[in-house]
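**Student:** Based on what follows, work out the 3D shape:
(one chain, ligands or ions: 1)
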Amino acid sequence: MRLHRNLVFATVDALAEIFNEGNYADKVIEKTLKRDKRWGSRDRSFIAETTYDIVRWKRLYAEIAEVKEPFKREDLFRMFAVWCVLRGVQIPDWPQFEKTPERRIKGKFDELSKIRKFRESVPDWMDEIGAKELGEKVWTNEIHALNKQAPVVIRANKLKTTPQELAKKLSEEGIETTNLRNYPEALELKERANIFRTAAFKDGLFEVQDASSQRVAEFLDVEPGMRVVDTCAGAGGKTLHLAALMANKGQIIALDIYGNKLKELKRRAKRAGAHNVETRSIDSTKVIKKLYGTADRVLIDAPCSGLGVLSRNPDAKWKLQPDFLDKIRNTQLEILEQYSKIVKKGGKLVYATCSVLPSENQQQVQKFLKTESGKEFKLLREKSILSSESGYDGFYMASLQKE
Ligand SMILES: C[S@@+](CC[C@H](N)C(=O)[O-])C[C@H]1O[C@@H](n2cnc3c(N)ncnc32)[C@H](O)[C@@H]1O
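**Tutor:** Residues are numbered from 1 along each chain as shown. Below you'll find the model as predicted:
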């Protein structure tokens, strides 16, 4: 691979913004890619993938390059040089890369690879919590899996198509996919591509949704005609899946504390042809109280650490803080206690997170079952999905019934 100067410089600029200004990697990359209209798809994927790679391996690369935050521009070039050496990419003969110590880089890599927190490039506190909660062996495998680049999985929108029909249409647009066994609506892309540009996407034939995430709406056991409340709907990944499973019949009320996310949900619902979705912004406790005792199904896709989705969101390793984890656990429990009251007698509640930590998952459900609201529920089943076992995101879901 020959490196192009403007692509490498764009990558280094993006890294400076992510690491030193604390901006979100996806937003920075989106902005960077707009910088030059002449960049083709290969150029764009070089910038996106290299930036994500260096974000993912920040701790390891910084340690090898012997640089510390806040990174100076020359530090970022040194980290880039580490990326080149470890990837087997020839180092350009530019002044920024003069005297790159290739053998030393390889030697330091071998030495640091013996220690998990360096090898897997995670902060000390995260490595400790992971090992404490999951056990050394499971955490070692899990963090390894979470450091792999996530595959692109889409969900065929059954309101408009079938996975077979969709695969054919995408193939006609030059995008090859494979069916995923045991995930009835999912297709995985054989190669990464900008699928948002396809006619199939614009026509609402699919949504990008990880395979594990597709398990959540299924877990809710919905039927057409039901009244369903999706309490933490965000931009509606699961809401749209629920609408498809309910064949557009019945009612879905999508809630969130952020109105802008619900706006995006509405746009997506329109594209997907989901007509049974109504959005309500939670701007006071009244919004929730009005719904008490009214829903056949309630989904709490709770805010969480996101530790199960590090492979698609590697900068969360550096953005997450231990005190946030404490705060979010309290929020999860409060949400469970409050929103569970929306379920009517005999109805079901699904609590889900994209975390692999038991303290956000099964332990929260056990705590909830002991509370005043929780005493009315019994746990029907629960599922923990590890990325190291499934090959997709880490998730947790529990189904509870109100007696
Ligand atoms: C895991 S995300 C939801 C993802 C979404 N369900 C999907 O499938 O695309 C959690 C959501 O909870 C929302 N949230 C945070 N605190 C909340 C609260 N107290 N009540 C309702 N929603 C909340 C966040 O804005 C965020 O959109």
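
**Student:** Show me what from the protein comes close to the ligand.
**Tutor:** Residues of the chain lying close to the ligand (CB under 6 Å from any ligand atom) are 231-238, 255-258, 261, 282, 301, 303, 335. The C-beta positions use only the backbone N, C-alpha and C, and glycine is treated the same way.

**Student:** Now list the buried members of those.
**Tutor:** Among the residues of the chain next to the ligand, the ones that count as buried by 16 or more other CB atoms under 10 Å are 231-238, 255-256, 261, 282, 301, 303, 335.

**Student:** In helices only, show me those residues.
**Tutor:** Secondary structure from DSSP state H places Gly237, Lys238, Lys261, Ile335 of these in helices.

**Student:** Looking at the buried ones among the residues of the chain next to the ligand, which one is closest to Lys168?
**Tutor:** Lys168 lies nearest to Gly237 out of these, by CB to CB, at 24.5 Å.

**Student:** ok now do the closest one, which residues does it touch?
**Tutor:** By CB atoms under 8 Å, 6 or more residues apart in numbering, the residues touching Gly237 are Glu207, Gln209, Ser213.

**Student:** of all those, which comes closest to the ligand?
**Tutor:** For these, the minimum distance to the ligand (CB to the nearest ligand atom) is 6.6 Å, reached by Ser213.

**Student:** Would you agree the closest one is in contact with Gly394?
**Tutor:** No - look at Ser213 against Gly394 with CB atoms under 8 Å: they stay out of range, at 10.5 Å.

**Student:** Between these two, which contacts overlap?
**Tutor:** Any residue near both Ser213 and Gly394 by CB under 8 Å, 6+ apart counts here, and that gives Cys354.

**Student:** ok, the two, which is more surrounded?
**Tutor:** Gly394 (28 against 24; other CB atoms under 10 Å).

**Student:** burial count for the residue lying closest to that one once chain neighbours are set aside?
**Tutor:** With CB to CB, 6 or more residues apart in numbering as the criterion, Gly394 has its nearest non-adjacent residue at 2.7 Å, and that residue is Gly308. Residues lying near Gly308 (other CB under 10 Å) number 29.

**Student:** and if you look at Phe324?
**Tutor:** Here the count is done by other CB under 10 Å, and Phe324 has 11 residues near it.

**Student:** That one: what's it in contact with?
**Tutor:** Contacts of Phe324 (CB under 8 Å, 6+ apart): Ser305.

**Student:** So it versus the ligand, what's the distance?
**Tutor:** Using CB to the nearest ligand atom, to the nearest Å, we find Phe324 at a distance of 13 Å from the ligand.

**Student:** Can you show me the helices along the stretch 51-200 of the chain?
**Tutor:** Counting by DSSP state H, counting those that start in this stretch, residue ranges of the helices within the stretch 51-200 of the chain are 58-65, 73-87, 102-112, 116-119, 124-134, 136-146, 163-172, 199-202.

**Student:** what would those look like in JSON lines with mean pLDDT and mean neighbour count?
**Tutor:** Listed next are the helices of the stretch 51-200 of the chain as JSON lines, based on pLDDT from 0 to 100; neighbours: other CB atoms under 10 Å:
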{"stretch": "helix 58-65", "mean pLDDT": "98", "mean neighbour count": "22"}
{"stretch": "helix 73-87", "mean pLDDT": "98", "mean neighbour count": "20"}
{"stretch": "helix 102-112", "mean pLDDT": "98", "mean neighbour count": "14"}
{"stretch": "helix 116-119", "mean pLDDT": "98", "mean neighbour count": "18"}
{"stretch": "helix 124-134", "mean pLDDT": "98", "mean neighbour count": "17"}
{"stretch": "helix 136-146", "mean pLDDT": "98", "mean neighbour count": "18"}
{"stretch": "helix 163-172", "mean pLDDT": "98", "mean neighbour count": "16"}
{"stretch": "helix 199-202", "mean pLDDT": "98", "mean neighbour count": "16"}
